[in-house]
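A.B. asks: What follows is a predicted protein model with its sequence.
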Amino acid sequence: MDIFDARTLSLIATVLILIGSVWTVVKILERQPESGIDPAILEMFRLRVNAWWILFSSLAAAFLFPRVVTVILFGLISFWALREFITLTPTRPGDHRTLFCVFFFFTPLQYVLVGGGYYGLYSIAIPVYAFLVIPALIAMAGDSKRFLERSAKIQSGLLICVYCLSYAPALLTMKLPPLEHGLPDTGGGVRLLFFFVLMVQLSDALQFAWSQMPNCHVIVPTINASRTWEGLLGSTASVMLIGALLWWATPFRGVYWWMAALMSAVISLMGFAGGITMSAIKRDRGVRDYGTLVEGHGGVLDRIDSLCFAAPVFFHCTRWFVELTSTTMLPR
């Protein structure tokens, strides 16, 4: 994978420098109790910045290797997230054969197809074939107790943790319009993935920041008391501005620069949808987090819920845009 072009390196370097700057500011504020900022908020931002370091450094390192390394990285994340999801939603012994098929056949198959760029196959493998196979395998086990509930749990976990998340590395396979003067955009997929992950993470952080305003209005108090209208609208407006400033890192160039802002808004809204949906599942199961792998943030699924919901929507909207504005061949 060729990422050594000025735009790609500039985007990666800018993001890492910004994370370092935020980390430095948080450290300085932590040593100044008289600043008047709630220590709990500073601690939350410190933990979030630490998670950013892990995420973006891993992505930047993976980009230095062939595309398959990035795909494998996301595949491992999907595997672990699916494990957390299934652990939280207990199954029965009759489901073991089905779970083996889900973990060791459909999950790796999805990422093999994504790595090969076989859009016509990875776009339907899980929502069509796995969707039909899962209940059939459960039925063949001869255990009909809570059959629909068990089938829906496994199907939902596979769709959210594997199918939806796989559209993030699928951005690497998208054939993008050429740069100025007809030059091929060799690093476009890398920039697009980095841009997407950046917008998702910024949206999450800004929702938290805007929600610290006094007298905020909680959207769904019975599901998540930290999600407010001020946080949603403020973060959406903020990422739209940031996305517009980073138009040069996306395929939304030239007269279509405004699409970078619009797509950032889509990412923010779908990220919110992911967060509130996964919060509802946790409330239903009576737990606070999906796991304890990430310090201060619970499990892997707690950190990628926004990515899972935003990835397929961002992918298809971008693919539609490219199809309308370019004759370049799209993923087969």
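C.D. replies: Happy to help now that I have it. Numbers count the residues shown, from 1 in each chain.
A.B. asks: Low-confidence bits of the stretch 201-332 of the chain, can you list those?
C.D. replies: Along the stretch 201-332 of the chain, the parts satisfying pLDDT under 70 run over 289-298, 327-332.
A.B. asks: Tell me where it has helices.
C.D. replies: Taking DSSP state H, counting those that start in this stretch as the criterion, the stretch 201-332 of the chain contains helices spanning 229-245, 258-285, 300-325.
A.B. asks: likewise the stretch 1-150 of the chain?
C.D. replies: Taking DSSP H, counting those that start in this stretch as the criterion, the stretch 1-150 of the chain contains helices spanning 6-30, 39-63, 67-88, 96-101, 107-116, 119-122, 131-140, 147-158.
A.B. asks: How far off centre is the second one?
C.D. replies: By that I understand helix 39-63. On the basis of C-alpha atoms, centre = their mean, to the nearest Å, the separation between the geometric centre of helix 39-63 and that of its chain is 15 Å.
A.B. asks: Equivalent analysis for the fifth one, please.
C.D. replies: Taking C-alpha atoms, centre = their mean, one finds helix 107-116 lying 17 Å from the centre of the chain it belongs to.
A.B. asks: ok and that helix relative to helix 147-158, angle-wise?
C.D. replies: Here helix 107-116 runs at an angle of 40 degrees relative to helix 147-158 (axes from the mean of the first three to the mean of the last three C-alpha atoms, to 10 degrees).
A.B. asks: Go through helix 107-116 and flag the buried ones.
C.D. replies: With burial defined by 16 or more other C-beta atoms under 10 Å, the residues of helix 107-116 counted as buried are 107, 109-116. (C-beta placed from N, C-alpha, C; glycine too.)
A.B. asks: now swap in the shortest one and tell me
C.D. replies: Applying a neighbour-count criterion of 16+ other C-beta under 10 Å, the buried positions in helix 119-122 are 119, 121-122.
A.B. asks: which residues touch L73?
C.D. replies: For L73, the residues meeting the contact criterion (C-beta atoms under 8 Å, 6 or more residues apart in numbering) are 58-59, 62, 169.
A.B. asks: What is the nearest of the residues you listed to L18?
C.D. replies: Proximity of the contacts of L73 to L18 was ranked by C-beta to C-beta; the top entry is L59 with 14.4 Å.
A.B. asks: Which residues are in contact with the closest one?
C.D. replies: 70, 73, 193-194, 197.
A.B. asks: is it possible to export those to a markdown table including pLDDT?
C.D. replies: Below are the contacts of L59 laid out as a markdown table (pLDDT from 0 to 100):
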| residue | pLDDT |
| --- | --- |
| T70 | 91 |
| L73 | 92 |
| L193 | 92 |
| F194 | 89 |
| V197 | 92 |
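A.B. asks: and those, which two are the farthest apart?
C.D. replies: With distance counted by C-beta to C-beta, no two of the contacts of L59 lie farther apart than L73 and F194, which are 13.3 Å apart.
A.B. asks: Just give me the neighbour total for Y167.
C.D. replies: The criterion is other C-beta atoms under 10 Å. On that basis, Y167 has 23 neighbouring residues.
A.B. asks: quick one: it from Q110, how far?
C.D. replies: Plainly put, Y167 is 10 Å away from Q110 if you go by C-beta to C-beta, to the nearest Å.
A.B. asks: go on, A205?
C.D. replies: Shown here: A205 relative to Q110, a distance of 29 Å by C-beta to C-beta.
A.B. asks: go on, L176?
C.D. replies: According to C-beta to C-beta, L176 and Q110 sit 23 Å apart.
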